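>>> With the input below, show me the fold.
(chains A and B)
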There are 2 protein chains.
Amino acid sequence: MAAKDTQQPKELPTVLLHRLPSMNLPPNPSFRDHLRSLFHLLDPHDSSEPYDSFLSRHAHSIRAILPVGPAPISSEFLQRLPVLELVVATSAGLDHIDLPACRSRGIVVTNASFAFAEDVADCAVGLLFDVLRRISAADRFVRGRLWPVKKEYPLGFKLGGKRVGIVGMGSIGCEVAKRLSAFGCTIAYTSRKKKQSVPFPFYTNVGDLAANTGVLILCCSLTEETYHIVNRDVMIALGKEGVIINVGRGSLVDEKELVQCLVQGEIGGAGLDVYENEPNVPKELLGLDNVVLSPHCAVMTPESFEALFELIVGNLKAFFSNEPLKSVVSNE
Amino acid sequence: MAAKDTQQPKELPTVLLHRLPSMNLPPNPSFRDHLRSLFHLLDPHDSSEPYDSFLSRHAHSIRAILPVGPAPISSEFLQRLPVLELVVATSAGLDHIDLPACRSRGIVVTNASFAFAEDVADCAVGLLFDVLRRISAADRFVRGRLWPVKKEYPLGFKLGGKRVGIVGMGSIGCEVAKRLSAFGCTIAYTSRKKKQSVPFPFYTNVGDLAANTGVLILCCSLTEETYHIVNRDVMIALGKEGVIINVGRGSLVDEKELVQCLVQGEIGGAGLDVYENEPNVPKELLGLDNVVLSPHCAVMTPESFEALFELIVGNLKAFFSNEPLKSVVSNE
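This next block holds a predicted model:
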């Protein structure tokens, strides 16, 4: 295995596979083979050479990197790659990448929200429905053989007619809006700026959005500006029947305050796919029937991965043939 | 309480409240008061007079009855009400009412699927999503603190692109189709007959529908013709990745065979709100991760009940003023 990188035909364009030792590309060996047939994939963790020495030796041939999942790309790391031009991220969120450092170097970043948008939107709608109608709790009720004993299961809430506020109207937010419209929900949103192509009411901040809706769905990026964008004030504005759905990143919500608000009934419920300290979930949530907890699996379908592979290969091929890239992250 | 029915002003039209002693109208006292302000409500179970004597004494004044939930209306019962003209059912399914006997007497039956359609459709879509993406199982995984131990949660399946067969294209089926179209599913259906207003491919029987789709959603009435309409052959035609969602009645599916097919992996999964012997759920299902089990709660929202009350009052008022009824059941 050690000499694999030197066995690749030299004419293939070089791409650095940047990963944590414990993580690899999504579990699809045929994709890796396909990638290796198109690119000279450098994988420091697949070499017996020490990491630093491996990276230094190849640094001047690395114009593109393919980070796997949340492998961090810091400004220090970028300094070690002097000719880097492209980061092809494999996630929708980019909080693991130092975007300002990329911008200052003119490094282009593409993300994968395009590939994941439908599955993440499905997950947001599924979690919302599950919280409102208490399906996971109903499933526990049946499995715990409580139905013959307690007879009646508590009423849930209807999805149709709910006023839903979407935080972040990117590709995921647009797919969420499309789905919830079919259920008869009323949509409003907040985003960095008002989008001309989006027909729904726009709020300049999440507090006003919360005050005017009964559900917040978080599908924006985690940045310095959006860290704890949903704080206690926002939750109180959302109200006692309010529901928070988070399919973005855990730290979009002040998790400690969320737990408090849920336990004390200051909001009505939550559907969470992401947490501040994954894979650890606040233990106070584990006994609540008004929360639905999924283990950061919103994008976890073979179909999403297929779309991701296409997007990765498409972007790398486009880059090396000087064609337009897909899903470039606006790096303002 | 005994003399209550005689205290009502005589000019109000008489309606028989037909219920099992253990059941009453949905838990909304203001609705009952409203109903009593409009109609002379006869409730045999609210009288100290023996049931048979009460019924005989009032039989000749009862032109309309309001059955609560699944209170059975047999031909023997109908024979005791010689001037009956209208049954205002409070459920979507009418398997508790002898429809041929009503037909032969010219008794009109209205049902409540119009009031319940949206909530039942939501439930069908929610159960389907939950089975495909294993949300309830994911919630168990997180609550059981397995995430930090097992790291990865198994992949689910994408909702978009699924070929979905709807069994029964009434008001509920149409709402299901509308919702799933927004998720990018492909719809086909079977129904007593092809409906000109429905743009989706029609199959004359459920076997062909199963063979050409990957998901069956049951939202038809339970009748002699639809009893066990989903039998083993249909499940085998649906295939190893096939999913069955039942929001109709338990006996639409041969439950014993369903359990076998699920346990042996001959179909992929099931989302069930109804069962053959409620509130008893086959114990083999309680340990399976590819099923989602809810306790016949598809219509259980305050909003549904509100719509039901409006429909009941609307139909009774229309009947007593010779105006057109809503939601008349086609009684062919």
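>>> the strands in the stretch 201-332 of chain A, which residues?
A:202-203, A:215-218, A:243-246, A:269-272, A:291-293 (DSSP state E, counting those that start in this stretch).
>>> quick one: which of those is nearest B:Arg249?
Nearest to B:Arg249 among these is strand A:291-293; the distance by CB to CB comes to 27.3 Å. Just so you know, the C-beta spots here come from the backbone N, C-alpha and C atoms, and that holds for glycine as well.
>>> The closest one and chain B, are they touching?
Yes - using CB under 8 Å from any CB of the partner chain, strand A:291-293 comes into contact with chain B via A:292-293.
>>> do the same with stretch A:300-317
Yes - figure legend: stretch A:300-317 in contact with chain B (CB under 8 Å from any CB); contacting residues A:300-305.
>>> now that stretch, how far from the centre of its chain.
Its chain's C-alpha centre and that of stretch A:300-317 lie 15 Å apart, by CA atoms, centre = their mean, to the nearest Å.
>>> Averaged pLDDT, it. What do you get?
The predicted model gives stretch A:300-317 an average pLDDT of 91.
>>> List the buried residues of that stretch.
Within stretch A:300-317, the residues that count as buried by 16 or more other CB atoms under 10 Å in any protein chain shown are A:300-301, A:303-305, A:307-309, A:311-316.
>>> Next: stretch A:53-70.
Buried residues in stretch A:53-70, counting neighbours by 16+ other CB under 10 Å, are found at A:54-55, A:58, A:62-68, A:70.
>>> same check, this time on stretch A:83-96
Neighbour-count burial for stretch A:83-96, with 16+ other CB under 10 Å as criterion, is recorded at A:84, A:86-95.
>>> and if you look at stretch A:29-38?
For stretch A:29-38, burial by neighbour count (16+ other CB under 10 Å) applies to A:31-32, A:35-36.
>>> Tabulate those residues in JSON lines, adding columns for pLDDT.
Putting these into JSON lines (pLDDT from 0 to 100) gives the following:
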{"residue": "A:Phe31", "pLDDT": "83"}
{"residue": "A:Arg32", "pLDDT": "82"}
{"residue": "A:Leu35", "pLDDT": "91"}
{"residue": "A:Arg36", "pLDDT": "91"}
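>>> and the stretch 101-250 of chain A, which residues reach chain B?
For the stretch 101-250 of chain A, the residues found near chain B under the criterion CB under 8 Å from any CB are A:118-119, A:122-123, A:125-127, A:129-130, A:133, A:135-136, A:138-143, A:145, A:147-148, A:151, A:153-161, A:178-179, A:181-184.
>>> what ranges do the helices span in the stretch 1-150 of chain A?
A:4-7, A:29-38, A:51-58, A:75-79, A:99-105, A:113-133, A:135-143, A:147-150 (DSSP state H, counting those that start in this stretch).
>>> Could you look over the ones you listed and pick the most buried one?
Between those, helix A:113-133 has the highest mean count of neighbours, a mean of 27, where neighbours are mean count of other CB atoms under 10 Å in any protein chain shown.
>>> Could you export that helix as PDB, CA atoms only?
What follows is helix A:113-133 as a C-alpha-only set of coordinates in PDB (Å, rounded to 0.1, in the frame of the first residue of the first chain):
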ATOM      1  CA  SER A 113     -25.600  21.000  -0.300                       C
ATOM      2  CA  PHE A 114     -26.800  20.600  -3.900                       C
ATOM      3  CA  ALA A 115     -26.400  16.900  -3.600                       C
ATOM      4  CA  PHE A 116     -27.900  16.700  -0.100                       C
ATOM      5  CA  ALA A 117     -30.600  19.300  -0.300                       C
ATOM      6  CA  GLU A 118     -33.500  16.900  -1.000                       C
ATOM      7  CA  ASP A 119     -32.600  14.400   1.700                       C
ATOM      8  CA  VAL A 120     -32.000  17.100   4.300                       C
ATOM      9  CA  ALA A 121     -35.300  18.800   3.400                       C
ATOM     10  CA  ASP A 122     -37.100  15.400   3.700                       C
ATOM     11  CA  CYS A 123     -35.500  15.000   7.100                       C
ATOM     12  CA  ALA A 124     -36.500  18.400   8.300                       C
ATOM     13  CA  VAL A 125     -40.200  17.800   7.300                       C
ATOM     14  CA  GLY A 126     -40.100  14.300   8.700                       C
ATOM     15  CA  LEU A 127     -38.800  15.500  12.100                       C
ATOM     16  CA  LEU A 128     -41.400  18.300  12.200                       C
ATOM     17  CA  PHE A 129     -44.200  15.900  11.400                       C
ATOM     18  CA  ASP A 130     -42.800  13.500  14.000                       C
ATOM     19  CA  VAL A 131     -42.700  16.100  16.700                       C
ATOM     20  CA  LEU A 132     -46.200  17.600  15.900                       C
ATOM     21  CA  ARG A 133     -47.900  14.200  15.700                       C
END
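>>> elements contacting that helix?
Secondary-structure packing of helix A:113-133 (3 or more CB pairs under 8 Å, 6 or more residues apart in numbering or on different chains; DSSP states H and E): helix A:171-182, strand A:215-218, strand A:243-246, strand A:269-272, strand A:291-293, helix A:302-320, helix B:113-133, helix B:135-143.
>>> Of those, give the one that comes closest to A:Leu285.
Nearest to A:Leu285 among the helices and strands packed on helix A:113-133 is strand A:291-293; the distance by CB to CB comes to 5.3 Å.
>>> Pull the distance from that closest one to the chain's centre.
Averaged C-alpha coordinates place strand A:291-293 at 18 Å from its chain's average position (CA atoms, centre = their mean).
>>> repeat for stretch A:125-137
Counting by CA atoms, centre = their mean, stretch A:125-137 comes out at 20 Å from the chain centroid.
>>> again, but for stretch A:115-135
So, by CA atoms, centre = their mean, the centroid of stretch A:115-135 is 14 Å from its chain's centroid.
>>> what pLDDT, on average, does that stretch get?
When the per-residue pLDDT values of stretch A:115-135 are averaged, the result is 95.
>>> Now the phi/psi pair for the residue lying closest to A:Leu155 once chain neighbours are set aside, please.
Take A:Leu155 and drop its neighbours on the chain: the residue closest to it by CB to CB, 6 or more residues apart in numbering or on different chains is B:Met300, 5.0 Å away. Recorded main-chain torsions at B:Met300 are phi -80, psi 70, according to degrees, to the nearest 10.
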